[in-house]
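> Would you be able to build a 3D model of this:
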Amino acid sequence: MDHPSLPATEDLRIILVTENTLLGALLSDRFREEGGLSVQIMAPGLIEERGLEKLERGTALLLDSNAFNRLYRRLYEVAAHNAVIVIAEQISLVLVRKVLEIGGRGIIPTDFDADLFRMALFMALRGETFFPSSAWLPTLRMSADCDPISAPSADDRPLITWREREILNQLFQGISNKLIAYNLGITEATVKMHMSNLSRKLDAQNRTQLLVNAMKRGFVPPLVV
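Modelled structure (predicted):
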């Protein structure tokens, strides 16, 4: 699969917040290789001293999980105007909830191969969100909004088309609308139309509620966590 190039712009500023010098060096090399992007590496203590509120708008702020856990309570306002992305070796439900809570763009595993890393970073920098399915699916299952699932009766299941079922399957992999469109060979506008129809049929107000309600209605198998 061909992936789109990372935004090649000298105006894009990326700050990697980590105390792990080895991780910083490895990721800096990867950024240069994948998109020719320059990355400034800062320790969390230094960025605290300078003040997150002074961060220039439009800055992409990448944090390892330790730095994110240290700073996350201060990231609410930052995430409104900047891309906040976590680079994590291990992904826990607690970490996923925190990233979602502050409005972060997602989590990229450190062990992603070059193509997946490039795709995830591109999506996040372009305004999309990215969570690997290993993080997204258990989070839905454990969500406080998701009641225990019982087998629905046939009368409780609205009719959905085969294409809508395909869209649901893609959504449950944590895939963005743009990538769903690419995978299914349709336009992003068509994906959004199917999403709107699914939301109406499943009485959902947002993406997470759509997937939770789909699970409750039996359109996907319950997850074992």
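> Sketch out the low-pLDDT regions of the protein for me.
Low-confidence segments of the chain (pLDDT under 70): 1-11, 32-37, 133-157, 220-225.
> OK, contacts around the residue nearest to the spatial centre of the chain?
In the chain, the C-alpha closest to the average C-alpha coordinate belongs to residue 130, at a distance of 2.2 Å (CA atoms, centre = their mean). The neighbours of residue 130, taking CB atoms under 8 Å, 6 or more residues apart in numbering as the test, are 105, 106, 107, 108, 120, 123, 124, 174, 176. Where you see a C-beta, it was placed from the backbone N, CA and C, and this is true even at glycine.
> Let me know the closest of those to residue 14.
Residue 14 has its nearest neighbour among these in residue 124, at 10.8 Å by CB to CB.
> Assign a three-state SS to the closest one, would you?
Following DSSP: H, G, I helix; E, B strand; the rest coil, we place residue 124 in the helix state.
> do the same with residue 68
The three-state assignment at residue 68 reads helix, by three-state DSSP.
> cool, residue 58 as well?
Using three-state DSSP, the structure places residue 58 in coil.
> Name all residues that make contact with it.
Residues touching residue 58, when contacts are defined by CB under 8 Å, 6+ apart, comprise 11, 12, 13, 81, 82.
> what's the answer for residue 120, then?
Residues near residue 120 by CB under 8 Å, 6+ apart: 106, 108, 112, 130, 132.
> ditto for residue 69
Residue 69 makes contact with 95, 98 under the criterion CB under 8 Å, 6+ apart.
> returning to what we had before: kindly reformat the contacts of residue 58 as a markdown table containing neighbour count, distance to residue 31 and secondary structure.
Conversion of these to a markdown table gives the following (neighbours: other CB atoms under 10 Å; distance: CB to CB, whole Å; DSSP: H, G, I helix; E, B strand; the rest coil):
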| residue | neighbour count | distance to residue 31 | secondary structure |
| --- | --- | --- | --- |
| 11 | 6 | 16 | coil |
| 12 | 16 | 11 | coil |
| 13 | 17 | 12 | coil |
| 81 | 11 | 22 | coil |
| 82 | 20 | 17 | coil |
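> quick one on the thing from earlier: in a markdown table: the contacts of residue 130, plus distance to residue 76 and secondary structure.
A markdown table is the format used below for the contacts of residue 130 (distance: CB to CB, whole Å; DSSP: H, G, I helix; E, B strand; the rest coil):
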| residue | distance to residue 76 | secondary structure |
| --- | --- | --- |
| 105 | 14 | coil |
| 106 | 16 | strand |
| 107 | 17 | strand |
| 108 | 21 | strand |
| 120 | 23 | helix |
| 123 | 22 | helix |
| 124 | 18 | helix |
| 174 | 23 | coil |
| 176 | 23 | coil |
